[in-house]
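A.B. asks: Just the structure for this:
(2 chains)
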Amino acid sequence: MARLGGEQPGIFIRFRVILSSLRLSTLGSDLSRQVPIMDDKTRQAARAWTLAQPVVSAFVHSLVHDFGDRDDVLQEVAVAVIESFDRYDAARPFVGWALGVARNQVGLYLRRRGRDRLVFDAAAVDQLAVAFESVTNDELHALDHLRSCMQQLEARARRLCELRYGRDLKPAAIADIVETSANAVAKALQRVREQLRECIERKTSAGLAQ
Amino acid sequence: MDTDETQALIDGYLDGMLTPEELTRLNACLASSADFARQFARAMLLHDRLRAVLQAEALGEPDIMPAPVERLRPRRRWTTTAAAALAASVLVAVGLWHGNAVPSASAAAVALDRVIEVAQQQIDRVYRIRVVDHGPRGVQTPVFADRGGRKPGVDGADLYVRGTNCFVLVLYFGNGTKFINGSNGEIGWSVPPTGRVHLSHDTRRFRRQVPGEDADLPFVDLERGLEGLRRDYRLELTAADDTPGAEPNCSRLDAVKRHGPGPECVRIWFDASGVARRIELTGLRDSPSGPRSVTLALVEQRDLGPKFFDHASHHAADRPIDHE
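C.D. replies: All right, here's what the predicted structure looks like:
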């Protein structure tokens, strides 16, 4: 969240807008009670967003390739979700609604950046939204095994992961560092992810069996 | 297309390696197959989480999956770092609202409200305790085994807490055996490595080794401990603390004692969602010879199961039991 406090005036203005929409209340007279308190609606929004965020993040990531761009868009989605939470119909699943907000924000972001179209067409994005909305809590919890599975990776595989995900490098840049071809790096990353998937499945099955 | 081919297409997309033709093919697959879209979504979730984990490690965050916890049933809920852009925005916004005109104390009180609110959630937390300043007697020789009646110290102990009155404190002997104290909120209990298990109707009977406990600043009951800070301490907030030794990506709440018992200073590093990631207590006076400064680092938050805080979960069924 370091970006939140960054040097972007637009972000500052946005937070003022959020704050004004929070319907802050002031209570009592002593210092501890003079500060604004979040109202119930905002708490509700925070809780709902907290639960939906991993799925929305992955959805945004599927439409916005670059890690840095993804972070910017996700931040704007969070803001938009809170700003428009009054329009959310509680009878419907929150994740689906948040995915809709995310989709709009991705479109806006790409337009602002002069890239007017999504990577995928509307039919594909529709299908993706349905797929992400159907992700279960169990599937999300299964990913909690990721850290322990990563500990089982061989040193080289681990190094590739650190370069790809820790330093946001693409296969071509990684290839320069590890002195091989971009294709070989891509293949190796594919194998690493496959290993991790299998490890997560094993651990999840073992957990269920206990 | 077989599964290997479709997976290769997805992986190619994840790493930005697809040709325009392959991208078109990927689009067509997504649009025409719900199963493929689900496969893609699962791959993307892993890809996204991988980045979250590796970024956290690159920034030096502690590993949150230590061995003792890992043996438990993994049912952690999503509540922590990945979420919470909202809470972060609220905290940061409060800091920015009037520029420098907002007193740090006001922002600190807001931050404390948020940390307390999160602490009220019925989510199990696991903290690891480290002694930073061992006090006037200096570093003590670790107690290697359960002989001679000496208990291990709190350095390296694990503290499991739920709600306001359930806890399990696991102290480790040098040889790895455990001395476990706890309470399920109805009875307090103590399980030494061997011999009798002790039960008491006083739920605080075996809490004395928890840092801050003697000073009525109970970090088992995090909510009450934090309320104590609001009452007896002067609060100051440092947003996005980047000082050496700080918890990465966290803000810091400093509480300096104004009056009453308790440590001289309590520092809480909390993340964007308001979760207390590290609590540092300095100037402790729990006991004349005890540690002067300790930290409690959040190891993990997750559901530990319905029986974890019962004594029976921590010893063999045939152990003799003393009721006090």
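A.B. asks: any idea how far A:Q152 is from chain B?
C.D. replies: With distances taken as Cβ to the nearest Cβ, to the nearest Å, A:Q152 is found 12 Å from chain B. Placement of C-beta: from N, CA and C, glycine included.
A.B. asks: wait, I meant A:I82
C.D. replies: When Cβ to the nearest Cβ is the yardstick, A:I82 and chain B sit 5 Å from each other.
A.B. asks: pretty sure that residue is touching A:A45, no?
C.D. replies: Yes: under the criterion of Cβ atoms under 8 Å, A:I82 lies in contact with A:A45, with a separation of 5.3 Å.
A.B. asks: And chain B, what are its domain boundaries?
C.D. replies: Under the assignment named as automatic domain parsing, the residue ranges that make up the domains of chain B are B:3-106, B:125-323.
A.B. asks: the strands in chain B, which residues?
C.D. replies: Along chain B, counting by DSSP state E, strands occupy B:125-133, B:158-162, B:166-172, B:178-184, B:188-191, B:197-200, B:233-238, B:251-257, B:265-270, B:276-282, B:293-301, B:321-323.
A.B. asks: Now the weakest link among these, please, by mean pLDDT.
C.D. replies: Mean pLDDT is lowest for strand B:233-238 among these, at a mean of 78.
A.B. asks: Show me what it is packed against.
C.D. replies: helix B:104-120, strand B:251-257 (3 or more Cβ pairs under 8 Å, 6 or more residues apart in numbering or on different chains; DSSP states H and E).
A.B. asks: Give me the longest helix you can find in the chain.
C.D. replies: No chain was given, so I picked chain A. Taking DSSP state H as the assignment, the helix of chain A that covers the most residues is helix A:182-209.
A.B. asks: The intended chain is chain B.
C.D. replies: With secondary structure taken from DSSP H, chain B has its longest helix at helix B:34-58.
A.B. asks: so where do the helices sit in chain A?
C.D. replies: So, for chain A - with DSSP H - the helices run A:9-21, A:31-34, A:40-63, A:67-83, A:94-112, A:122-133, A:137-142, A:146-151, A:155-161, A:171-178, A:182-209.
A.B. asks: now those as CSV including mean neighbour count and distance to B:V197?
C.D. replies: Conversion of these to CSV gives the following (neighbours: other Cβ atoms under 10 Å in any protein chain shown; distance: least, Cβ to Cβ, whole Å):
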stretch, mean neighbour count, distance to B:V197
helix A:9-21, 15, 53
helix A:31-34, 15, 42
helix A:40-63, 22, 39
helix A:67-83, 21, 48
helix A:94-112, 19, 45
helix A:122-133, 20, 49
helix A:137-142, 16, 33
helix A:146-151, 18, 31
helix A:155-161, 16, 43
helix A:171-178, 16, 55
helix A:182-209, 16, 28
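A.B. asks: how about the ones you listed in TSV, adding distance to B:G305?
C.D. replies: Written out in TSV, the entries for the helices of chain A read as follows (distance: least, Cβ to Cβ, whole Å):
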stretch	distance to B:G305
helix A:9-21	38
helix A:31-34	36
helix A:40-63	21
helix A:67-83	32
helix A:94-112	26
helix A:122-133	29
helix A:137-142	14
helix A:146-151	18
helix A:155-161	31
helix A:171-178	41
helix A:182-209	12
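A.B. asks: Of all the ones you listed, which one comes closest to B:Y172?
C.D. replies: Distances from B:Y172 to each of the helices of chain A were compared using Cβ to Cβ; the shortest belongs to helix A:146-151, at 20.7 Å.
A.B. asks: Alpha carbons of that closest one, as PDB, please.
C.D. replies: As requested, the backbone C-alpha atoms of helix A:146-151 are provided in PDB (Å, rounded to 0.1, in the frame of the first residue of the first chain):
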ATOM      1  CA  LEU A 146       1.600 -22.100  -1.200                       C
ATOM      2  CA  ARG A 147       4.300 -20.900   1.200                       C
ATOM      3  CA  SER A 148       5.000 -24.400   2.500                       C
ATOM      4  CA  CYS A 149       5.000 -25.800  -1.000                       C
ATOM      5  CA  MET A 150       7.500 -23.200  -2.100                       C
ATOM      6  CA  GLN A 151       9.800 -24.300   0.600                       C
END
